[in-house]
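Student: here is the input, now give the coordinates:
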Amino acid sequence: MALENILEAFAALPAFVRVAEGLPAPGGRLSLAGLHGSSDAVLLAALSQRFPNRFWVVVAPSVPEGERWLADLSVLGARAACYPPREGFGESEPHAEVAGERVETLERLVRGDVGILVTTPRALQELTSLPQALDRGRKVLHRGDRVRLTDLVAHLERIGFERVPLVDDVAQFALRGGVLDVYAFGMPDPVRLEFDGDTLAELRWFDLTTQLSKRPAERVVVLPSEAAPIQDGEEVVRRSLAQLWAGDPIFVLPDEAALEQEWRITWEEAAHHIEMARRRGEYS
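Tutor: Residues are numbered from 1 along each chain as shown. Below you'll find the predicted structure:
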């Protein structure tokens, strides 16, 4: 059975109709039981399809469980994205895969391209300057744009990209004469930009393994690295996820009993790191 038929069949069940008609008002609650396997994701995908203008937040008890939700929802065609927590307590995320997913999800969130956000209790507690980095660092390039190559290189360095002889990972760029290779978070492949003076003459995706150009591109979006440094004299603005979405979301709590425990563990770990920093003289 095709996946869209599964959602249609699920939405026709009397139990689903009762849930859809009984969605809680702001501040209200609705408890459900008996959802086994991936049926919880099927229910949410069907609800999201029934109410396309509502925003849903799944607070998974752990990162692996959040990844399971995202995989199931994506297979079902839902506009879902995952915002994982930082692996550490510093401003920068040391793991590129985690940093990339956070950047890509926030970029989609602020432009309204996410219907279901999957996250964790720890991520909800964070304050991050990443939205500020996106505000000042996101750059859209089109074939034919008038762009000074030196200015673009300086911009890439400002938003946390590493200059390398040959691009082989995300958040890197390489410059050879009038040719600039860039690989940013959210790109399906790295992109090769060819300049004719101050004109962006050609954009082409290229293969990371062979370094050979592939299909042409008309438009690319360059997202900053989460580790993008704040400029001298610039005020750091940190925001939470809740400050980035509009309206009243419906929260889905698959394992509500685990949430309080996760929040407590996060605060205990943060307090421990602060105390260690105090002892080293790094925090007062």
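
Student: is it true that Pro190 touches Asp181?
Tutor: Yes: between Pro190 and Asp181 there is a contact under CB atoms under 8 Å: 5.9 Å. (Each C-beta comes from the backbone N, C-alpha and C, glycine too.)

Student: got any residues that touch both of those two?
Tutor: By CB atoms under 8 Å, 6 or more residues apart in numbering, Pro190 and Asp181 have these common neighbours: Val167, Phe206.

Student: and Arg68, what helix or strand is that in?
Tutor: Here Arg68 is covered by helix 63-75, with elements defined by DSSP states H and E.

Student: now Ala201
Tutor: Ala201 is part of strand 199-206 when elements are defined by DSSP H and E.

Student: contacting residues around that strand?
Tutor: So strand 199-206 is contacted by 141-147, 181, 188-195, 212-220 (CB under 8 Å, 6+ apart).

Student: buried ones among the residues you listed?
Tutor: The neighbour count (16 or more other CB atoms under 10 Å) marks Leu141, Arg143, Val147, Asp181, Pro190, Val191, Arg192, Leu193, Glu194, Phe195, Ala217, Val220 as buried among the contacts of strand 199-206.

Student: so the last one belongs to a strand, correct?
Tutor: Yes: looking at Val220 with DSSP: H, G, I helix; E, B strand; the rest coil, it is inside a strand.

Student: gap between it and Arg138?
Tutor: Look at Val220 and Arg138: by CB to CB, to the nearest Å, they are 11 Å apart.

Student: for the buried ones among the contacts of strand 199-206, which one is nearest Asp168?
Tutor: Pro190 (8.9 Å; CB to CB).

Student: not counting sequence-adjacent ones, nearest residue to that closest one?
Tutor: Residue nearest to Pro190 in three dimensions, not counting chain neighbours: Tyr183, with 3.7 Å by CB to CB, 6 or more residues apart in numbering.

Student: the one you found reaches Val220, doesn't it?
Tutor: No: Tyr183 lies out of contact with Val220 (CB under 8 Å); the separation is 10.6 Å.

Student: any common contacting residues for those two?
Tutor: Counting by CB under 8 Å, 6+ apart, the common neighbours of Tyr183 and Val220 are Val191.

Student: ok so, going back, and the strand holding Ala201, what's its mean pLDDT?
Tutor: In this model, strand 199-206 carries a mean pLDDT of 95.

Student: what does stretch 58-72 give?
Tutor: On average, stretch 58-72 scores 94.

Student: which of the residues in that stretch are buried?
Tutor: Residues Val58, Val59, Ala60, Pro61, Val63, Glu65, Gly66, Arg68, Trp69, Leu70, Asp72 are the ones in stretch 58-72 that count as buried (16+ other CB under 10 Å).

Student: likewise stretch 164-183?
Tutor: Neighbour-count burial for stretch 164-183, counted by 16+ other CB under 10 Å, picks out Val167, Val170, Ala171, Gln172, Phe173, Ala174, Leu175, Leu180, Asp181, Val182, Tyr183.

Student: right, I'll call it a day here.
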